[in-house]
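**Student:** sequence-free structure coming up:
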């Protein structure tokens, strides 16, 4: 190419080619860089470190996983990340000791707790890239994987424990070979085979299914439906013992392979109990009571002739039906309480009213018995219609009787009131002429005694004694009447003061003065002071009165505790005593053992004592023998 003025010639075409190549190379490098960055962002958590372990790159997965921004990582040493949370001893060892020697480490498992995300388990992998003077650190978070593995182990342990402890037999069978691969302890116990003897056998070989043909048929059904159930399967164990079992088998997936599980429940006892119950049911048809058996869901399984007669449904009409939808019942308490008692005590009884088929109300005495062995409830119902009718009649009669008693009581109360008034009036009016008789007789003796002979004087004295005795009798009758009808408040009484006051004022003027001793201090008691005073006075009078002629009356009064809340006050005398044949007579009204000429008295004194003691709710008694004195006692509550 020619040149101008000796200048060199420039090849413009070559320059354009070189520039184009450079642009292509630049595009390729940019594409490669973009591709590398995309790969880095897509891989698991990744750190790119320089030789001083400073972070040059933290990919998006790392920032998201450990909750840190990229700006918080750049140009910082890895140990300083997250306020020092990455200063992990195991990581330091890998980066500072293992990596310089081996240039690479893989899948070192480390568990560490972070403030933001808690405890995490990680697999650490590192590699030196000499050409780049960089270290690649890959972190794989396997926390969830390890937790899932732990959960699986726990689940396997729990399942195994259930498998070992179950009281139903469990067999695991290979669906291809039909051979047993596992068996729980109860299965070996039921069949009598050891575990080693069971493993590798087919079901028909251990007496569970009739024969090989039946076994193949069962497995075809299981393959088709994934489930089979036999509710009444005969089983003959190794020693020849026969059992009845329920057999349930299903297919499930276990880690990608199919497994057959067979559950075998021994129902021999339950089936025998059901047969026994059916036999008893036939016998129960002889009774007029309704006998009903139902399962725990209230479905009827037995309905005897008595139930047919009582409620109107035939057995074939009710079998399998729900009892309470068929037979409406009014219970004496809420059903929840009945069920609680039934399962707590095993039985329940009470009166219920049921509605029969024809609408009749049938009152019955109901008895429920829970039998968990047969998982059933046996119920008997006795028709109490007649009894209920009689009870209604008795209640009506009782109401009528109460009304009649109330009316009669009112009449008696009025009559008693009239009699009391009459008794008081007669007693009061009778005492006036008696006092006149006593006065005029005394006047005759005093004024005209000298004109009468001894016989006349004796007649006058007899008139005086008789009038005095009649006056005492009238007073005693009034006292007895007052005790019968008086209000008797029970209050604390100072017995010691009461008795000493009575003794101090006790009438002397007798031919021989009595000797009365009080032993110690008498206690306070609960009673009525007026009635207690009447009792003490009468007992002292009897003790002084009934002594042998010429004998000085001697009485001892004492008290002793009886049981934990009572006091017994005793009055012991040296009198003539009471013969055994007269013991039952002394508390009777107007009862006299000795003639009046020997001992004075009206025959009411001890009757008054007994009635007064009864009104106070206390007790009275005595000990006595003829010629050896008497010991009377009253027993009252102490304060």
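**Tutor:** Thanks, I have it. Model, not experiment: these values are computed from the prediction.

**Student:** Who are the packing partners of the longest helix along the chain?
**Tutor:** Longest helix of the chain, by residue count under DSSP state H: helix 385-448. Helices and strands touching helix 385-448, by 3 or more Cβ pairs under 8 Å, 6 or more residues apart in numbering; DSSP states H and E, are strand 361-371, helix 454-485. (C-beta placed from N, C-alpha, C; glycine too.)

**Student:** 6 Å instead, please
**Tutor:** helix 454-485 (3 or more Cβ pairs under 6 Å, 6 or more residues apart in numbering; DSSP states H and E).

**Student:** what's the helix or strand just after the helix it packs on in contact with?
**Tutor:** Following the chain from helix 454-485 toward its C-terminal end, the next helix or strand by DSSP states H and E is strand 491-494. With contacts defined as Cβ atoms under 6 Å, 6 or more residues apart in numbering, strand 491-494 is touched by 524-525, 527, 529, 532, 639.

**Student:** In the stretch 501-639 of the chain, where is pLDDT below threshold?
**Tutor:** Scanning the stretch 501-639 of the chain for pLDDT under 70 picks out 507-512, 589-603.

**Student:** quick revisit: buried only: go through the contacts of strand 491-494 for me.
**Tutor:** For these, a burial check counting by 16 or more other Cβ atoms under 10 Å picks out 525, 527, 532.

**Student:** Tell me which stretches of the stretch 101-250 of the chain form helices.
**Tutor:** Assigned by DSSP state H, counting those that start in this stretch, the stretch 101-250 of the chain shows helices spanning 143-165, 185-191, 195-198, 212-225.

**Student:** Include mean neighbour count when you put those helices into TSV, please.
**Tutor:** What follows is the helices of the stretch 101-250 of the chain, written out as TSV (neighbours: other Cβ atoms under 10 Å):
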stretch	mean neighbour count
helix 143-165	11
helix 185-191	19
helix 195-198	14
helix 212-225	14
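
**Student:** Identify whichever of the ones you listed lies nearest to residue 467.
**Tutor:** Among the helices of the stretch 101-250 of the chain, helix 143-165 comes nearest to residue 467, with 104.5 Å by Cβ to Cβ.

**Student:** ok, what's across the strand from residue 562?
**Tutor:** Beta-bridge partners recorded for residue 562 (DSSP bridges): residue 566.

**Student:** For residue 531, see how far away it is.
**Tutor:** Look at residue 562 and residue 531: by Cβ to Cβ, to the nearest Å, they are 20 Å apart.

**Student:** Of the two, which one has the most company?
**Tutor:** Of the pair residue 562 and residue 531, residue 531 is the one with more neighbours under other Cβ atoms under 10 Å, namely 24 against 14.

**Student:** Which stretches in the stretch 1-150 of the chain count as strands?
**Tutor:** Here the stretch 1-150 of the chain has its strands, by DSSP state E, counting those that start in this stretch, at 46-49, 55-58, 104-114, 118-129, 134-141.

**Student:** how about these, which one is nearest residue 270?
**Tutor:** strand 118-129 (51.4 Å).

**Student:** Just checking: what are the partner strands of that closest one?
**Tutor:** Using DSSP bridges, strand 118-129 pairs in its sheet with strand 104-114 (antiparallel), strand 134-141 (antiparallel).

**Student:** Buried residues of it, list them for me.
**Tutor:** Residues 120-126, 128 are the ones in strand 118-129 that count as buried (16+ other Cβ under 10 Å).

**Student:** What of stretch 367-376?
**Tutor:** For stretch 367-376, burial by neighbour count (16+ other Cβ under 10 Å) applies to 368, 370, 374, 376.

**Student:** swap in stretch 632-639?
**Tutor:** Neighbour-count burial for stretch 632-639, counted by 16+ other Cβ under 10 Å, picks out 632-636, 638.

**Student:** Among the residues you listed, which are located in strands?
**Tutor:** 632-636 (DSSP state E).

**Student:** Rebuild the residues you listed as a markdown table, extending it with distance to residue 382.
**Tutor:** Putting these into a markdown table (distance: Cβ to Cβ, whole Å) gives the following:
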| residue | distance to residue 382 |
| --- | --- |
| 632 | 57 |
| 633 | 54 |
| 634 | 53 |
| 635 | 49 |
| 636 | 51 |
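
**Student:** and of these, the nearest to residue 409?
**Tutor:** residue 636 (29.8 Å).

**Student:** what bridges to the closest one?
**Tutor:** Beta-bridge partners, per DSSP bridges, of residue 636: residue 567.

**Student:** got a list of what it touches?
**Tutor:** Here residue 636 is in contact with 525, 527, 618 (criterion: Cβ under 6 Å, 6+ apart).

**Student:** Kindly reformat these as a markdown table containing distance to residue 54.
**Tutor:** Output for the contacts of residue 636, formatted as a markdown table (distance: Cβ to Cβ, whole Å):
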| residue | distance to residue 54 |
| --- | --- |
| 525 | 107 |
| 527 | 109 |
| 618 | 110 |
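
**Student:** In strands, which of those residues fall?
**Tutor:** Using DSSP E, these in strands are 525, 527.

**Student:** between the contacts of residue 636, which is closest to residue 176?
**Tutor:** Closest approach to residue 176 among the contacts of residue 636 (Cβ to Cβ): residue 618, at 97.3 Å.

**Student:** what's the burial count for the closest one?
**Tutor:** For residue 618, using other Cβ under 10 Å, the count is 24.

**Student:** repeat for the one 5 residues further on
**Tutor:** A total of 15 residues lie near residue 623 under the criterion other Cβ under 10 Å.

**Student:** can you list the residues that contact the host helix or strand of it?
**Tutor:** In the assignment (DSSP H and E), residue 623 maps to strand 619-624. Contact with strand 619-624 is made by 577-578, 610, 613, 630-635, as judged by Cβ under 6 Å, 6+ apart.

**Student:** list the buried ones in it?
**Tutor:** 620, 622, 624.

**Student:** same thing with stretch 311-319?
**Tutor:** Of the residues in stretch 311-319, 311, 313, 318 count as buried by neighbour count, 16+ other Cβ under 10 Å.

**Student:** Would you mind measuring the gap between the ends of that stretch?
**Tutor:** End-to-end distance for stretch 311-319: 14 Å, by Cα to Cα, to the nearest Å.

**Student:** what do you get for stretch 316-332?
**Tutor:** The straight-line separation of the ends of stretch 316-332 (Cα to Cα) is 30 Å.

**Student:** Tell me how far it lies from the chain's centre.
**Tutor:** 30 Å (Cα atoms, centre = their mean, to the nearest Å).

**Student:** Select from the buried residues of stretch 311-319 every entry located in helices.
**Tutor:** If you go by DSSP H, these have 311, 318 in helices.

**Student:** from the buried residues of stretch 311-319, which is closest to residue 145?
**Tutor:** Closest to residue 145 out of the buried residues of stretch 311-319 is residue 318 (60.1 Å), distances taken as Cβ to Cβ.

**Student:** a markdown table for the buried residues of stretch 367-376, including pLDDT and distance to residue 540?
**Tutor:** Below are those laid out as a markdown table (pLDDT from 0 to 100; distance: Cβ to Cβ, whole Å):
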| residue | pLDDT | distance to residue 540 |
| --- | --- | --- |
| 368 | 89 | 68 |
| 370 | 89 | 71 |
| 374 | 78 | 79 |
| 376 | 88 | 78 |
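
**Student:** Of those, which is the nearest to residue 453?
**Tutor:** residue 368 (99.4 Å).

**Student:** For residue 293, see how far away the closest one is.
**Tutor:** 11 Å.

**Student:** on that earlier part again, okay, among the buried residues of stretch 367-376, which ones form the most distant pair?
**Tutor:** 368 and 374 (14.1 Å).

**Student:** now residue 231, nearest residue through space, not along the chain?
**Tutor:** residue 246 (5.5 Å; Cβ to Cβ, 6 or more residues apart in numbering).

**Student:** Do I have it right that the one you found meets residue 267?
**Tutor:** Yes - counting by Cβ atoms under 6 Å, residue 246 touches residue 267, with 5.5 Å between them.

**Student:** Just give me the neighbour total for the closest residue to residue 56 other than its chain neighbours.
**Tutor:** Using Cβ to Cβ, 6+ apart and skipping the chain neighbours, the partner closest in space to residue 56 is residue 48 (4.8 Å). Residues near residue 48, counting by other Cβ under 10 Å, number 17.
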